[in-house]
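Novice: Need the 3D shape of this:
(one chain, ligands or ions: 1)
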Amino acid sequence: MTAVNENFLKLKAGYLFPEIARRVNSFVESHPDAQVIKLGIGDVTEPLPQAVIKAMHAAVDEMGDRSKFRGYGPEQGYAFLRDKIAEHDFASRGVTISADEIFISDGSKCDTGNILDILGKDNHIAVLDPVYPVYVDTNVMAGHTGSADSEGRYQGLIYLPVTAENDFTPELPDEPVDVIYLCYPNNPTGVVATKETLTKWVEYAREHHALILFDAAYEAFITDPEIPHSIYEIEGAQEVAIEFRSFSKNAGFTGTRCAFTVVPKSLMVTTSTEKQVSLHQLWNRRQSTKFNGVSYIVQRGAEAVYSPEGQEQSKALIAFYLDNARLLREGLEAVGISVYGGVNAPYVWLKTPQAFTSWDFFDELLNKAHLVGTPGSGFGASGEGYFRLSAFNSRENIEEAVKRFQKIVS
Ligand code: MLT
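Specialist: From the prediction side, this is the model:
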């Protein structure tokens, strides 16, 4: 008899975004004329930078030329891309990360899930609440939790609430933690972590021999010059943190797929038999066994993001989405809604009006304004009473969304 991974049975029925899509599709079926504006999933809408398109076209031509054709690439990514990342994302900010500590992949969602392959079963794992659901669901799948309670909190995970009451800044855990997921700029709340906050976490991890899984997929949206872009800007972080980065949101690669994960060589973990093990070696072993790298064409496209034209064009994209976020923020504040985030991030996090629950507000917005957002409670129990709007959309849709929102709220 075939046995299944019964941990999957502990999961809530659907992953958050497909569940939203299901509800929206059913609404659209019964209201075929409704002009629905989707500010739910954080998916980019603007085309890829021209510099990227040009580089990918050139790479396609190479693949059609026997003398330039490439088969399997290095599982860790091509040197041309890893070198650029080391220089532009790290050296330029005073951080020394060597190119071979960077692993190119097809997405941060995949990597933040896959990283569990190299971690043991008995870690005490902490997540912020609300949280990007992938961190929780992948731990459930891996059997690191018990079942969920009525509010959706899984037994065995340590939830650190982040709400307006604590300024969206979590307290350090008061019980032992071995692995902590941090995401800054934060998804879903859109807030950032100061240097002091990150220093506190790095010190905590060093003192408790804990590992920080730092998701910086929205790093390019940081506008405040005081805010660190990488956890490695904090002294000592290279001994306690893995960082995840992505081209999805900074250069429009959600459909093209390219990201990278940094696993410093100085990141050592002591086993139960007092053996020192390098997480870099384990991840390298994992990737070379289970992954054949990102397509050459896509990596050439990602490389072009670092060219002067690519930089200019991707910065313009970010500025465009940030302006959308500002319009959302200002439009909501104008009708008395409490709004957070959206300054250094593409997400605007708001308190639901009139004491609506998150899902009731989702239905209200969909039914009365034909607007789609993401219910805060979908990100965790402490997200109840909040709602997320994504700034990834056309200007026209954002302006229209603000008008409709204002109409139903005021
Ligand atoms: C989101 O809406 O939170 C993002 O699209 C998630 C992701 O990038 O996977």
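Novice: need the contact list for the residue most central in space within the chain.
Specialist: The residue lying closest to the centre of the chain (C-alpha atoms, centre = their mean) is residue 217, at 4.8 Å. Contacts for residue 217 (C-beta atoms under 8 Å, 6 or more residues apart in numbering) come out as 108, 183, 187, 244, 245, 246, 248, 249, 259. C-beta: built from backbone N, CA, C; applies to glycine.
Novice: Make TSV from those residues and add secondary structure, neighbour count and distance to the ligand to it.
Specialist: Output for those, formatted as TSV (DSSP: H, G, I helix; E, B strand; the rest coil; neighbours: other C-beta atoms under 10 Å; distance: C-beta to the nearest ligand atom, whole Å):
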residue	secondary structure	neighbour count	distance to the ligand
108	helix	25	7
183	strand	24	10
187	coil	25	5
244	strand	24	11
245	strand	26	12
246	strand	26	8
248	helix	22	6
249	helix	25	7
259	strand	23	10
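Novice: Which of these sits closest to residue 356?
Specialist: residue 187 (22.0 Å; C-beta to C-beta).
Novice: so what's the residue nearest to that closest one when sequence neighbours are not counted up against?
Specialist: Distances taken as C-beta to C-beta, 6 or more residues apart in numbering place residue 132 nearest to residue 187, at 4.9 Å, with adjacent residues excluded. Listed by C-beta under 8 Å, 6+ apart, the contact partners of residue 132 are 112, 183, 187, 188, 215, 379.
Novice: Over to the fourth one. Which of the three states is it?
Specialist: Which is residue 188. coil (DSSP: H, G, I helix; E, B strand; the rest coil).
Novice: Read off the pLDDT value for it.
Specialist: Among the per-residue scores, residue 188 shows a pLDDT of 98.
Novice: residue contacts, it?
Specialist: Contacts of residue 188 (C-beta under 8 Å, 6+ apart): 130, 132, 347, 349, 374, 376, 379, 383, 388.
Novice: Just the element for the residue of the chain found nearest the ligand, please.
Specialist: Nearest to the ligand in the chain, going by C-beta to the nearest ligand atom, is residue 42, at a distance of 3.2 Å. If you go by DSSP states H and E, residue 42 is not part of any helix or strand.
Novice: hang on, it packs against residue 347?
Specialist: Yes: counting by C-beta atoms under 8 Å, residue 42 does reach residue 347; the two are 6.6 Å apart.
Novice: to the chain's geometric centre, what's the distance from stretch 136-144?
Specialist: Mean C-alpha position of stretch 136-144 versus that of the full chain (C-alpha atoms, centre = their mean, to the nearest Å) differs by 17 Å.
Novice: For it, which outside residues touch it?
Specialist: By C-beta under 8 Å, 6+ apart, the list of residues contacting stretch 136-144 from outside reads 5, 7-8, 10-11, 15, 112-113, 116, 121, 123, 125, 127, 145, 154, 156-157, 380.
Novice: Now do the same for residue 150: helix, strand or coil?
Specialist: Per three-state DSSP, residue 150 ends up coil.
Novice: My error: substitute residue 103 in the last question.
Specialist: Per three-state DSSP, residue 103 ends up strand.
Novice: which ones are touching it?
Specialist: Contacts of residue 103 (C-beta under 8 Å, 6+ apart): 76, 77, 111, 260, 261, 262, 263, 283, 284, 287.
Novice: same deal with residue 337?
Specialist: Per C-beta under 8 Å, 6+ apart, neighbours of residue 337: 350, 351, 353, 409.
Novice: State the phi and psi torsions of it.
Specialist: Phi and psi for residue 337, reported as degrees, to the nearest 10, are phi -80, psi 140.
Novice: cool, residue 41 as well?
Specialist: The phi and psi values for residue 41, taken as degrees, to the nearest 10, are phi -60, psi 140.
Novice: so what pLDDT did it get?
Specialist: 92.
Novice: about what we covered before: so of the contacts of residue 337, which ones are in helices?
Specialist: residue 409 (DSSP state H).
Novice: Can you report how many residues neighbour residue 106?
Specialist: When neighbours are counted by other C-beta atoms under 10 Å, residue 106 registers 18.
Novice: In contact with residue 223, which residues are there?
Specialist: Going by C-beta under 8 Å, 6+ apart, the list of residues near residue 223 reads 322, 343, 344.
Novice: correct me, but the first one touches residue 221?
Specialist: So that's residue 322. Yes: assessed by C-beta under 8 Å, residue 322 is found in contact with residue 221 at 6.3 Å.
Novice: Settle it for me: which of those two has more neighbours?
Specialist: residue 221 (24 against 19).
Novice: what's the helix or strand for the residue lying closest to that one once chain neighbours are set aside?
Specialist: Computed as C-beta to C-beta, 6+ apart, the closest residue to residue 221 that is not its neighbour in sequence is residue 345, at 5.0 Å. Residue 345 belongs to no helix or strand when assigned by DSSP H and E.
Novice: list the contacts for residue 345?
Specialist: Per C-beta under 8 Å, 6+ apart, neighbours of residue 345: 185, 186, 187, 190, 191, 192, 218, 221, 325.
Novice: so the fifth one, which of the three states?
Specialist: Using three-state DSSP, the three-state assignment for residue 191 comes out as coil.
Novice: Confirm for me that it is in contact with residue 341.
Specialist: Yes: under the criterion of C-beta under 8 Å, residue 191 makes contact with residue 341 at 5.5 Å.
Novice: Tell me which of the two has more neighbours.
Specialist: residue 341 (27 against 21).
Novice: Narrow the contacts of stretch 136-144 to those in helices?
Specialist: Per DSSP H, the contacts of stretch 136-144 map to helices at 112, 113.
Novice: Among the contacts of stretch 136-144, name the buried ones.
Specialist: 10, 11, 112, 113, 116, 123, 125, 127, 145, 154, 157, 380 (16 or more other C-beta atoms under 10 Å).
Novice: nearest residue to residue 200 other than its sequence neighbours?
Specialist: Nearest non-adjacent residue to residue 200, counting by C-beta to C-beta, 6+ apart: residue 172, 6.6 Å away.
Novice: Low-confidence stretches in this protein?
Specialist: The chain contains residues with pLDDT under 70 at 13.
Novice: Can the lengthiest helix in it be said to contact the ligand?
Specialist: In the chain, with assignment by DSSP H, the single longest helix is helix 308-333. No: judged by C-beta under 6 Å from any ligand atom, helix 308-333 stays clear of the ligand, getting no closer than 12.8 Å.
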